[in-house]
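Enquirer: Okay, sequence plus prediction incoming.
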Amino acid sequence: MYTDVQNALRAAGEDGSVRVALLTGAGDYFCSGNDLSNFAKIPPEGPQKLAAQGRAVLQDFVAEFIRFPKPLVVAVNGPAVGISVTLLGLCDLVYAAEHATFHTPFMQLGQSPEACSSYTFPRIMGPAKANEVLIGGRKLTAVEALERCLVTRVFAREEFQQKVEEAVAELAKMPPQSVLKSKELIRRVEVEVLEEVNRRECELLEERWLSEECMRAIMDFMQRRK
């Protein structure tokens, strides 16, 4: 998934005919989060190798969102878990279906925030509300996400796709250079900060992935799902 999204964003950013990028989910979920079974796929070099690879992949993936030059619109068509929630703080417009939910169960899994959310979420919704989501694991409804400014607008399920398509079409009609230069102006002051936050978050996650606490939490979670 990570590589496919990265490649799509890179292609959209370089294609002069693309004015807006739209990211959405297929089926009932927007995204169900990372596949935790990957933690059991230990390479011959040991868990340190797996953790280092995971850190590098995640850091590059998030960096693609930080650097994406064009408007990035997200249509959250259903439940969103983990990185699909934290990435929203790096996107430009976020539309949610009324039945969507937003969940970041990092503490439950012995992990830590990612996708610059340790920086973006407190700025977007305030420290106390951000801590409730990132540390407390509070699952938000679409309306709650709107109230906390994580979401731009909420649409009814039956009109969601149409409303999103209309919003994207309107954005695509705007003078492209004006849009590009304005996004660059808005983002430029924070790019270096975001890249540093991304680096520090990924380093901490690599440490957490190798901890006994994290491995035990993931094993307990997977046992409960059986």
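Expert: Arrived safely, thanks for sending.
Enquirer: quick one: the nearest residue to Ala97 once chain neighbours are set aside from Val73, how far?
Expert: Once flanking residues are discounted, Ala97 sits nearest to Phe160: 4.4 Å by CB to CB, 6 or more residues apart in numbering. To be clear about C-beta, it is placed using only N, CA and C from the backbone, and glycine gets the same treatment. Computed as CB to CB, to the nearest Å, the Phe160 to Val73 distance reads 13 Å.
Enquirer: Find residues that contact each of these two.
Expert: Tyr95 (CB atoms under 8 Å, 6 or more residues apart in numbering).
Enquirer: Can you tell me, leaving aside adjacent residues, what's nearest to the residue nearest the centre of the chain?
Expert: Nearest to the geometric centre of the chain sits Leu87, at 2.1 Å (CA atoms, centre = their mean). Leaving aside its sequence neighbours, Leu87 sits nearest to Ala115 (CB to CB, 6+ apart; 4.6 Å).
Enquirer: What values do phi and psi take at that neighbour?
Expert: phi 60, psi 30 (degrees, to the nearest 10).
Enquirer: number of nearby residues for it?
Expert: Using other CB atoms under 10 Å, the number of residues around Ala115 comes to 28.
Enquirer: Likewise for Glu190?
Expert: For Glu190, using other CB under 10 Å, the count is 16.
Enquirer: Report the secondary structure element holding it.
Expert: Using DSSP states H and E, the element containing Glu190 is helix 176-209.
Enquirer: buried ones in that helix?
Expert: Across helix 176-209, burial judged by 16 or more other CB atoms under 10 Å covers 179, 183, 187, 190, 194-195, 197-198, 201-202, 204-206, 208-209.
Enquirer: pretty sure the residue nearest to the centre of the chain is in a helix, no?
Expert: Yes. Leu87 forms part of a helix when assessed by DSSP: H, G, I helix; E, B strand; the rest coil.
Enquirer: can you pull the contacts of it?
Expert: Val62, Phe65, Val74, Ala115.
Enquirer: and the gap between it and Gln177?
Expert: Going from Leu87 to Gln177 by CB to CB gives 26 Å.
Enquirer: cool, Val62 as well?
Expert: Distance, Val62 to Gln177, using CB to CB: 27 Å.
Enquirer: Check Pro47 too.
Expert: Counting by CB to CB, the gap from Pro47 to Gln177 is 48 Å.
Enquirer: still on that earlier bit, so of the contacts of Leu87, which ones are in strands?
Expert: Members of the contacts of Leu87 lying in strands (criterion: DSSP state E): Val74.
Enquirer: Give the residue farthest from the middle of this protein.
Expert: Relative to the centre of the chain, the most outlying C-alpha is that of Pro44, 30.6 Å out, by CA atoms, centre = their mean.
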